[in-house]
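[1] Take a look and give me a structure for this.
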Amino acid sequence: MRLLMLGGTEFVGRAIAEEAVARGRRVTVFHRGHHTPPPGATALHGDRTAPDGLAALERGEWDAVVDTWSGAPSAVRDTARLLADRAGTYVYISSRSVYAYPASAGLDEDGPLVEEASPDAVQADYAQAKRGGELAALSAFADRALLARAGLILGPYENIGRLPWWLTRIARGGPVLAPGPRELPLQYIDVRDLAAWTLDAAERGLSGPYNLVSPPGHTTMGELLETCVRITGSDAALRWTPPDRILAAGIEPWSDLPIWLPPGELYDALHTADVSKAIATGLHCRPVADTVSTTWRWLRTLGGNAPQRPDRRPVGLAPEREAEVLRGLAD
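    Now for the predicted structure:
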């Protein structure tokens, strides 16, 4: 398979490009040149937001294209139109954020979608941008477009900081504010499992939308954090705290305490998706211990300093704020 990876040097794109190279595929990575592409891939340079930024893609043919773009949908539109007659499948790595909020528990791919999304938009919020990207891919490739609606993504190369924050915080040791309930089920996908399914699906010629995340309850908040303690070898003591007390302390779910959401509408939207369609097509989700241990090994090669996307606010509770909250909970 001849694969064109749009991006391919960070997190999701890199995981897909590396998996494709490992499979012996002919991989071309189109990127801006800010990071080194995976060994074995051919590099083309260009900036999709600049005039003539797609010039390097004006020639060439590929069996599949994978696009992880999360900015203006017009960039997906322009790229997909340029490649429509020279590529087989167009895989757009989308998001479950395309579903209208609040997304009900157990929602499948037929759920209602966000409104007012356009493939021509040059500015949009995240949900509308991802839905606009889907519409752009569908407009150019029709039934050759595959829409991978990913949920929470964890694993090596993460540049958002969610699992890296928990690992570095727990490795520091001492009492750790652990958001309960301990048995709260979590739903996420390891980036390497996302990569494997994406390539399998492209090679099989699958099309249409797929919720791409693990089955609900693949792990729990307790198992995740306890695995972090074990893998890091830390003396951290997890202080399990009910959601109402955490919220009363003014702590923001998801951003102050990454990954965690208290039971409710947002939790239902992010941790209870119906993924039976993806499972039926071969999605395999590795154990949480594999995700945690591999991410920890990768972090240690970086001296514990995970990369951070410049367009995302860093996540995680400041040490002094955590200590303050823990003192308050002990009173």
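[2] the helices in the stretch 51-200 of the chain, which residues?
    73-83, 126-141, 162-172, 191-204 (DSSP state H, counting those that start in this stretch).
[3] Which one of those lies nearest to residue 63?
    Between residue 63 and the helices of the stretch 51-200 of the chain, the tightest spacing by CB to CB is seen for helix 191-204, at 7.7 Å. Placement of C-beta: from N, CA and C, glycine included.
[4] returning to what we had before: could I get the helices of the stretch 51-200 of the chain as TSV with distance to residue 252?
    Formatted as TSV, these follow (distance: least, CB to CB, whole Å):
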stretch	distance to residue 252
helix 73-83	28
helix 126-141	17
helix 162-172	13
helix 191-204	25
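[5] and stretch 21-40, C-alpha only, in CSV?
    Taking Å, rounded to 0.1, in the frame of the first residue of the first chain, the C-alpha atoms of stretch 21-40 are listed here in CSV:
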residue,chain,number,x,y,z
VAL,A,21,6.5,1.7,7.9
ALA,A,22,6.7,-1.3,10.2
ARG,A,23,4.2,-3.1,7.9
GLY,A,24,6.5,-2.5,4.9
ARG,A,25,4.1,0.1,3.3
ARG,A,26,5.4,2.9,1.1
VAL,A,27,4.8,5.9,3.4
THR,A,28,5.0,9.5,2.3
VAL,A,29,4.7,12.1,5.1
PHE,A,30,3.6,15.6,4.2
HIS,A,31,4.4,18.1,6.9
ARG,A,32,5.7,21.6,7.6
GLY,A,33,9.2,20.4,8.6
HIS,A,34,9.1,21.3,12.3
HIS,A,35,9.7,17.7,13.4
THR,A,36,11.6,14.7,12.1
PRO,A,37,9.4,12.1,10.3
PRO,A,38,9.6,8.4,11.2
PRO,A,39,12.7,6.6,9.7
GLY,A,40,11.7,4.9,6.5
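[6] For residue 1, give its distance to residue 57.
    18 Å (CB to CB, to the nearest Å).
[7] which of those two has more neighbours?
    Remark: of residue 1 and residue 57, residue 57 carries more neighbours, 21 against 16, as counted by other CB atoms under 10 Å.
[8] Next up, the contacts around the more buried one.
    4, 30, 44, 46, 79, 82-83 (CB atoms under 8 Å, 6 or more residues apart in numbering).
[9] Please work out which of the helices of the stretch 51-200 of the chain is packed deepest.
    Each of the helices of the stretch 51-200 of the chain was scored by mean neighbour count; the highest is helix 126-141, a mean of 24, by mean count of other CB atoms under 10 Å.
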